[in-house]
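Colleague: Here is a sequence with its predicted model. Questions after.
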Amino acid sequence: MAIPDVQGSADSRRLPINKVGIKSVRHPVRVLDKSGGVQHTIASFNMYVGLPHNFKGTHMSRFLEILNGYEREISVENFEAMLREMVKRLEAETGHVEMNFPYFINKQAPVSGVRSLMDYEITFTGEILAGDVYRQTMKVVVPATSLCPCSKEISERGAHNQRSHITVTARTNAFVWVEDLVQMIEEQASCEVYGLLKRTDEKYVTERAYDNPKFVEDIIRDVAGMLNADARIDAYVAEAENFESIHNHSAYALIERDKTQ
């Protein structure tokens, strides 16, 4: 007995859907790092296609079939191939995949040299646009330290500082290592953050931040200036959020630019 394909039936409302699919599916992936090693991690996937107005629904099971077909071999290198397969199998013109995962960098403390792992939140997003155009962006969330210039100026002793999250979403025209982008962002803060510090390192990072005070506006402008000067980056959204230590709110700033326009 034939089983009816309800999703493939006609729809009379004549309303196309921009994105339809599945969200928050966890799947193992592998990621090459700059040292030549491979990181095996777990990513959360969002997978969508555009649905024409004349179709009632999409075939949700096919998204999972595509993910499972790659088993543990999903990577940045075959990201585009997986996206194109998704669009083809779902008979769509446009598609969108987000892959969010923790990425670990082995960082060396500034004085003692002791090493520890720092984790960063990374999101790769791939899109198939109208006309079969492929576009990919990389998003990194980098924790850092900011020290308030105003507090330093007006206080007789010390200055308040806080943890910051600097987020950059970049569209590039050439390959950029995650480690390189993270380092470039960290250099724009009052001081970077480490997983493990000895007393000599604590002294260094405290004094480093004190000698390099920055408002959230300073951080975001310095990040944007760095991105503007990098020819590999075509477009970006840069965000900075300071989780204030003496206020019950965060300070926030954003700069967005498409350098191709």
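Modeller: Noted; the coordinates are in hand. In this text, all values refer to a predicted model and were calculated from it rather than measured experimentally. Numbering: from 1, shown residues only.
Colleague: quick one, strands of the stretch 101-250 of the chain?
Modeller: Listed in chain order, the strands found in the stretch 101-250 of the chain under DSSP state E, counting those that start in this stretch are 115-129, 133-147, 161-172, 191-192, 233-243, 250-258.
Colleague: pLDDT on the third one, on average?
Modeller: The pLDDT scores in strand 161-172 average 96.
Colleague: and the strands of the stretch 101-250 of the chain as TSV, adding distance to Lys214 and mean neighbour count?
Modeller: C-beta here means a position set from N, CA and C on the backbone, and glycine is covered the same way. Shown next, in TSV, are the strands of the stretch 101-250 of the chain (distance: least, C-beta to C-beta, whole Å; neighbours: other C-beta atoms under 10 Å):
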stretch	distance to Lys214	mean neighbour count
strand 115-129	20	17
strand 133-147	5	19
strand 161-172	9	20
strand 191-192	10	22
strand 233-243	9	21
strand 250-258	11	14
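Colleague: In a markdown table: those, plus distance to Lys107.
Modeller: Shown next, in a markdown table, are the strands of the stretch 101-250 of the chain (distance: least, C-beta to C-beta, whole Å):
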| stretch | distance to Lys107 |
| --- | --- |
| strand 115-129 | 5 |
| strand 133-147 | 12 |
| strand 161-172 | 16 |
| strand 191-192 | 8 |
| strand 233-243 | 21 |
| strand 250-258 | 25 |
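Colleague: what's the closest of the ones you listed to Tyr103?
Modeller: Across these, Tyr103 has its closest neighbour in strand 115-129 (4.6 Å, C-beta to C-beta).
Colleague: So which residues make contact with the closest one?
Modeller: Residues outside strand 115-129 that contact it (C-beta atoms under 8 Å, 6 or more residues apart in numbering) are 76, 79-80, 83-84, 87, 93-109, 134-143, 169, 178, 182, 193-196.
Colleague: Put the alpha carbons of it into CSV.
Modeller: C-alpha atoms of strand 115-129 as CSV (Å, rounded to 0.1, in the frame of the first residue of the first chain):
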residue,chain,number,x,y,z
ARG,A,115,49.9,26.1,29.9
SER,A,116,46.2,25.6,30.2
LEU,A,117,43.2,25.1,27.8
MET,A,118,40.9,28.0,27.1
ASP,A,119,37.6,27.3,25.4
TYR,A,120,36.0,29.6,22.9
GLU,A,121,32.5,29.5,21.4
ILE,A,122,32.7,29.2,17.6
THR,A,123,29.8,29.2,15.0
PHE,A,124,30.3,28.4,11.4
THR,A,125,27.3,29.4,9.2
GLY,A,126,26.9,28.4,5.6
GLU,A,127,24.3,29.7,3.2
ILE,A,128,23.2,28.8,-0.3
LEU,A,129,21.6,32.0,-1.7
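Colleague: Val111 is in contact with Thr200, correct?
Modeller: Yes - using C-beta atoms under 8 Å, Thr200 is in contact with Val111, at 4.2 Å.
Colleague: what's the span of stretch 123-134, first residue to last?
Modeller: 17 Å (C-alpha to C-alpha, to the nearest Å).
Colleague: Would you list the phi and psi of Glu65?
Modeller: Dihedral angles of Glu65 (phi, psi; degrees, to the nearest 10) stand at phi -60, psi -40.
Colleague: Skip the chain neighbours and tell me the closest residue to it.
Modeller: In space, and not counting its chain neighbours, Glu65 is closest to Arg89: 7.8 Å by C-beta to C-beta, 6 or more residues apart in numbering.
Colleague: Burial check on that neighbour, number of neighbours?
Modeller: Arg89: 15 surrounding residues under other C-beta atoms under 10 Å.
Colleague: ok, it - contacts?
Modeller: Neighbouring residues of Arg89 by C-beta under 8 Å, 6+ apart: 62, 65-66.
Colleague: Can you give me the distance of it to Ser155?
Modeller: From Arg89 across to Ser155, the span is 62 Å (C-beta to C-beta, to the nearest Å).
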